[in-house]
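Trainee: need the 3D shape of this:
(2 chains)
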Amino acid sequence: MSLQAAGLHLTLGARVVLRGVDFALAPGDRVCLVGDSGSGKTSLLRCLLGLQAADRGTVTWQGRELRHLDRRERLAFRRAVQPVFQNPAASLPPRMRVATALLEPLTIHGLAHGSEARQRIEAALRRVELDVSLAERFPHQLSGGQQQRVALARALLLEPRLLLADEPTSALDPVVALAVAGLLRKLCEDLGLGLLVVTHDAALPQHLGARVVRMADGEVGEAMAAAAWAATERAAWQTVQATAGSQCPTSDPRST
Amino acid sequence: MKPLADPPLVDVRGLTVRYGDTTVLQDVALTLHPGERVAVVGASGSGKTTLGRTLLCLTPGARVSAQVLTVCGLDLLRAKPSELRSLRGGGVGFVFQDALATLDPLQRIGSALREAMAAHLTQTRAQAEARLLHLLAEVELPEPERMLAAYPHEISGGQRQRVGLALALCAEPSLIVADEPTSALDPPLARGLAALLRRLCSPGPPDTATAPPSKARPALLLISHDMQLVRATCDRALVLAAGRLVETGTLGRLLADPQHEVTRALLQAAGLAEVA
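Mentor: Now for the predicted structure:
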């Protein structure tokens, strides 16, 4: 049940964004993809989701190349591998009530209808720790954190094996982001999901209990532990403090 | 020079701000002296952006009351519009979150900087051009000719944010207010801007190497929820929660011994405290 990329090369315009990338994700894995802007993280994610065709190399799901999947297989792939996007407000249909937006994937995949669907939707909302009464609201009537939880519920309704998320917490306030990260981790642990998260957040891998894979210039580097990555970033921030300007007196009694 | 004898740049006591029936800030106090780098931190909706905007009377539609509300010696509760105009961009430079939204897309960078200087400084054309080059050097922007001729969309996000900082510095302000200046930048660029802010707002006289101005460097009020940025840039912080001041102290103390749950959560989110 694994999603694998092998030897991916991708050029967008004049820029080479992926240079021979190998990557694999299976249910139960939790991986954070980190790296500077332009290092190729999002491009890799899009290739893995089948939203971007690579110039060379292959993406395979359960041993079958994505581009060779027939209609039925593609639908199964789309069900098993769910994306979660950065901006939850933009990923929910603005004119659909939450209940309708959550019903749609069940209908498309022919999984449930009527009271059965209703029960599944309520269960999914409870699983993402939302009150079921929110089902009657429109997305703009929810907070950013609630919207991202609805987006997660929508993904979970299809009983996926893998979640692929691009900066799922970066549009959220840090305190809310921390709670969503905790939920994401719990869901993956409880349901045995595989999780790939693209992020700039130095602390998120630790909150997710994920290992870190660093990308640079379109290439994938070695995996490292979340704690080691957080320590690297902390040290980089400390350099700022050390190199730029002297410290103010810290025992200042004027502090209000 | 005894710092204690300096009058505060910002003296706020008993500040309450309401929009309609919503109280955004309640009984907030803030004192900031020359040479200080102070952060206002808090979750979304805590009122930190409103606090920054109140210091420039940029809160249209709000009902503002305070015992004391003085910025750069100007009593904001009684200030005339002309006095507010010279405070905005003159005494206080503002750096906004999104430089792309701040800069006029149809105006070249050089023109924007010249306009900002002309609004606040009386100087000859030669002085203005010299100051322009000095400003770009201050914010560490390379290739000044290309930069001055560029439109905002032609330069990178990191460069745009530095142009925003140069605009804030144009009129030699006494205070820089920066509202989430790095949230649109990735970590290496954010660190670059943080180092720059910290250096430009460091206490003491300006660098002799680059600086013609005789004025001391501006103080800094940084509004952010990013505790890594705050720790790297500031010396002291105020924590807001639901419009109230819940904790204040040096960064060293807040990191070592956070008292309020919001402070702890912000530190946890930034990976600066263990998640229980």
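Trainee: how many residues are close by residue 184?
Mentor: All of this is about chain A. Applying other Cβ atoms under 10 Å in any protein chain shown, we find 28 residues neighbouring A:Leu184. Glycine gets a C-beta too; all of them are placed from N, C-alpha and C.
Trainee: sorry, should have said chain B
Mentor: 17.
Trainee: gap between it and chain A?
Mentor: 10 Å (Cβ to the nearest Cβ, to the nearest Å).
Trainee: next, give phi and psi for residue 40.
Mentor: Let's take chain A. Per-residue torsions, A:Gly40: phi 110, psi 10 (degrees, to the nearest 10).
Trainee: how near is it to A:Ala24?
Mentor: 17 Å (Cβ to Cβ, to the nearest Å).
Trainee: neighbour count: those two, which is higher?
Mentor: More crowded of A:Gly40 and A:Ala24, by other Cβ under 10 Å: A:Gly40, with 26 against 14.
Trainee: name the nearest residue to A:Asp217, sequence neighbours excluded.
Mentor: Leaving aside its chain neighbours, A:Asp217 sits nearest to A:Ser39 (6.4 Å; criterion: Cβ to Cβ, 6 or more residues apart in numbering or on different chains).
Trainee: any weak-confidence spans in chain A?
Mentor: Along chain A, segments meeting pLDDT under 70 span A:244-256.
Trainee: let's see 50
Mentor: For chain A, the stretches flagged by pLDDT under 50 are A:246-256.
Trainee: which SS state does the residue most central in space within it fall under?
Mentor: Centroid check for chain A by Cα atoms, centre = their mean gives A:Ala165 as the closest residue, at 1.4 Å. Following DSSP: H, G, I helix; E, B strand; the rest coil, the label given to A:Ala165 is strand.
Trainee: quick one: contacts for it?
Mentor: A:83-85, A:184, A:195-198 (Cβ atoms under 8 Å, 6 or more residues apart in numbering or on different chains).
Trainee: how about A:Leu45?
Mentor: Counting by Cβ under 8 Å, 6+ apart, A:Leu45 touches A:33, A:164, A:166, A:196, A:198.
Trainee: quick one: it and chain B, what's the gap?
Mentor: Taken as Cβ to the nearest Cβ, the span from A:Leu45 to chain B is 16 Å.
Trainee: now name the helix or strand holding that residue.
Mentor: Here A:Leu45 sits within helix A:41-48, counting by DSSP states H and E.
Trainee: and the helix or strand that that helix is followed by, what's buried?
Mentor: Where DSSP H and E defines the elements, the next helix or strand beyond helix A:41-48 is strand A:56-61. Judged by neighbour count using 16 or more other Cβ atoms under 10 Å in any protein chain shown, the buried positions of strand A:56-61 are A:57, A:59-61.
Trainee: around chain A, which positions in the stretch 51-200 of chain B sit nearby?
Mentor: B:186-189, B:191, B:194-196, B:198-199 (Cβ under 8 Å from any Cβ of the partner chain).
Trainee: pLDDT at B:Pro206, what is it?
Mentor: In this model, B:Pro206 is scored at 55, pLDDT.
Trainee: now, which of the contacts of A:Ala165 lie within strands?
Mentor: A:83-84, A:195-198 (DSSP state E).
Trainee: out of the residues you listed, the closest to chain B would be?
Mentor: The shortest approach to chain B among the ones in strands among the contacts of A:Ala165 belongs to A:Val198, at 11.8 Å (Cβ to the nearest Cβ).
Trainee: any idea what that closest one is bridged to?
Mentor: Note on A:Val198: beta-bridge partners by DSSP bridges are A:Leu33, A:Asp166.
Trainee: list the contacts of it.
Mentor: Applying Cβ under 8 Å, 6+ apart, the residues near A:Val198 are A:32-33, A:41-42, A:45, A:165-167.
Trainee: run a quick neighbour tally on A:Ala135.
Mentor: A:Ala135 has 21 nearby residues by other Cβ under 10 Å.
Trainee: OK, contacts around the closest residue to it other than its chain neighbours?
Mentor: In space, and not counting its chain neighbours, A:Ala135 is closest to A:Ala99: 4.0 Å by Cβ to Cβ, 6+ apart. Contact partners of A:Ala99, counting by Cβ under 8 Å, 6+ apart, are A:121, A:135-136.
Trainee: which of the residues you listed fall in helices?
Mentor: The helices, defined by DSSP state H, take in A:Ile121 from the contacts of A:Ala99.
Trainee: turn the contacts of A:Ala99 into CSV, including distance to B:Val246.
Mentor: Output for these, formatted as CSV (distance: Cβ to Cβ, whole Å):
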residue, distance to B:Val246
A:Ile121, 38
A:Ala135, 34
A:Glu136, 35
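Trainee: and the helices in chain A, which stretches?
Mentor: Here chain A has its helices, by DSSP H, at A:41-48, A:71-80, A:88-91, A:98-108, A:114-127, A:144-156, A:174-191, A:204-208, A:226-243.
Trainee: secondary structure class for the residue of the stretch 101-250 of chain B found nearest chain A?
Mentor: Using Cβ to the nearest Cβ, B:Ser202 is the residue of the stretch 101-250 of chain B that sits closest to chain A, at 3.1 Å. Here B:Ser202 is coil, with the state taken from three-state DSSP.
Trainee: please, which helix or strand holds B:Ser82?
Mentor: helix B:81-87.
Trainee: what helices or strands is that helix leaning on?
Mentor: When contacts are defined as 3 or more Cβ pairs under 8 Å, 6 or more residues apart in numbering or on different chains; DSSP states H and E, helix B:81-87 sits against strand B:74-75.
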